[in-house]
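> kindly generate the corresponding structure for this input.
(one chain, ligands or ions: 1)
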Amino acid sequence: MMKRTVIRGTGRYVPPRLVTNDDLSQWMDTSDEWIRQRTGIEQRYWVPEEGGVGSSDLGLEASKIALQRAGWAPEDLDLIIFATLSPDLFFPGCGCIMQHKLGLAATPALDIRQQCTGFLYGLTTADAYIRSGLANRILLVGAEVHSTGLDISTAGRDVAVIFGDGAGAVCLESLESNEPIGVLGSALHADGKFANSLMVEVGSSRLNPRISHELIDEGRHYPVMDGKAIFKLAVQKLPEVVIEVLKKAGLDLEAVDLLIPHQANLRINQFFAHSMKLPEEKVFNNIQRYGNTTAASIPIAFDEALEMNRIGDGSTVVFLGLGAGLTWGAVVARLGP
Ligand SMILES: CC(C)(COP(=O)(O)OP(=O)(O)OC[C@H]1O[C@@H](n2cnc3c(N)ncnc32)[C@H](O)[C@@H]1OP(=O)(O)O)[C@@H](O)C(=O)NCCC(=O)NCCS
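The predicted structure follows:
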């Protein structure tokens, strides 16, 4: 019998502050029409303006739901994997902070800094832990608070309109089975040549001091993005990596019930569907309502797709994404009872 990684429970959480495109156009020179046309985004949720809510807080809420659906107590966990690019603190990681909020005192916790592919790298890491027998029950969380780090003036509009806050979580369990169930294959990639295409530079260990009034005056603590370059890379690499992962798993595209891409831009996902000759309903999108929530976007979409009965027990799903790093990848899984 083989050890396999099966998904037991999912959860999602977004903060209550709804920010529409019209809200954004009060703070910067943009419009609902521009944002919808270029990105598909209609609204996003942001944490309270006064602060005090970090990624660990959003992750905690999503985790509580996932744990409850799996029927697990926090004490049942062997490992917590927390994916975020917007940690509560520069260090230590959010995994440790959330672990304490779950009431745990010794459960190992690690952070993954893979941005939009954080969930894919996290799921693959969890699968390796489970297959090797190092862990039986893992909580994987993707959570982001972007809003407190965005330039919401016109200078930052290309980035600020895209990002939303939120969290998604999944419970992963070891199952001995010879059936093709759970995680069936994974393909992960990175190319650091493109690190500067999407990054936040300050505070940075290569600057001394890491942060200063001058750097802040120059706005170098805000994310910078070469949107066109990222767009082109995404539409090229996402089809390639999906073909690669299906080949690894010995599956045809026809065997896939739903593809759940990272929600970076509705146009990217439409390009992807078109180039794979997939009907629109086979590719799940919810960026319209959440914006791009980076490491949270795939688990939020997965939880919603389950809730909407777009998928269920027996469904084969492919998770895929590309983002800062540059990193990209895909994971194929069969959901099971
Ligand atoms: C960001 C993105 C929507 C920009 O769309 P684009 O078609 O490339 O637009 P450009 O950057 O060329 O800008 C076109 C014009 O719109 C303007 N513009 C940029 N942001 C704007 C905004 N929020 N509102 C109004 N106008 C805006 C630009 O200033 C530019 O004006 P100009 O022609 O007078 O110079 C698009 O490149 C994208 O989505 N890329 C992928 C990004 C991504 O996926 N990031 C996350 C990776 S995980």
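> alpha carbons only for contacts and neighbour counts from here, please
Fine.
> give me the residue from the stretch 1-150 of the chain nearest the ligand.
Closest approach between the stretch 1-150 of the chain and the ligand, counting by Cα to the nearest ligand atom: Thr30, at 3.6 Å.
> give me the three-state assignment for that residue.
Three-state call for Thr30 (DSSP: H, G, I helix; E, B strand; the rest coil): coil.
> that one contacts Asp23, correct?
No. Contact between Thr30 and Asp23 fails when scored by Cα atoms under 8 Å: they sit 10.0 Å apart.
> list the contacts of Thr148.
By Cα atoms under 8 Å, 6 or more residues apart in numbering, Thr148 lies in contact with 47, 49, 51.
> okay, now Glu33: neighbour count?
A count of nearby residues for Glu33, using other Cα atoms under 10 Å, gives 14.
> residues touching stretch 224-243, excluding its own?
Outside of stretch 224-243, the residues within contact range by Cα under 8 Å, 6+ apart are 158-159, 187, 196-200, 253, 268, 271-272, 275-276, 318, 320-323, 328-330.
> how about stretch 194-201?
Surrounding stretch 194-201, the residues in contact under the criterion Cα under 8 Å, 6+ apart are 220-227, 229-230, 323-326.
> pull the CA atoms of stretch 255-264 into PDB?
Extracted C-alpha coordinates of stretch 255-264, given in PDB (Å, rounded to 0.1, in the frame of the first residue of the first chain):
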ATOM      1  CA  ALA A 255      -9.900  13.400 -17.200                       C
ATOM      2  CA  VAL A 256      -9.700  16.700 -15.400                       C
ATOM      3  CA  ASP A 257     -13.000  18.000 -14.000                       C
ATOM      4  CA  LEU A 258     -11.900  21.500 -13.000                       C
ATOM      5  CA  LEU A 259      -8.700  23.600 -13.300                       C
ATOM      6  CA  ILE A 260      -8.300  26.000 -10.400                       C
ATOM      7  CA  PRO A 261      -5.700  28.700 -11.400                       C
ATOM      8  CA  HIS A 262      -4.200  31.300  -9.300                       C
ATOM      9  CA  GLN A 263      -6.300  34.400  -9.600                       C
ATOM     10  CA  ALA A 264      -3.900  37.000 -10.900                       C
END
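> can you give me the helices in the stretch 101-250 of the chain?
118-131, 157-160, 213-217, 227-249 (DSSP state H, counting those that start in this stretch).
> shouldn't Ser204 be in contact with Ile211?
Yes. Counting by Cα under 8 Å, Ser204 does reach Ile211; the two are 7.3 Å apart.
> which one's more surrounded, the two?
More crowded of Ser204 and Ile211, by other Cα under 10 Å: Ile211, with 16 against 12.
> for that one, which non-adjacent residue is closest in space?
Nearest residue to Ile211, sequence neighbours excluded (Cα to Cα, 6 or more residues apart in numbering): Gly203, at 5.0 Å.
> need the contact list for that neighbour.
Taking Cα under 8 Å, 6+ apart, we find Gly203 in contact with 210-211, 221.
> tell me which of Thr30 and Asp23 has more neighbours.
For Thr30 versus Asp23, the count of surrounding residues by other Cα under 10 Å is larger for Thr30: 19 against 14.
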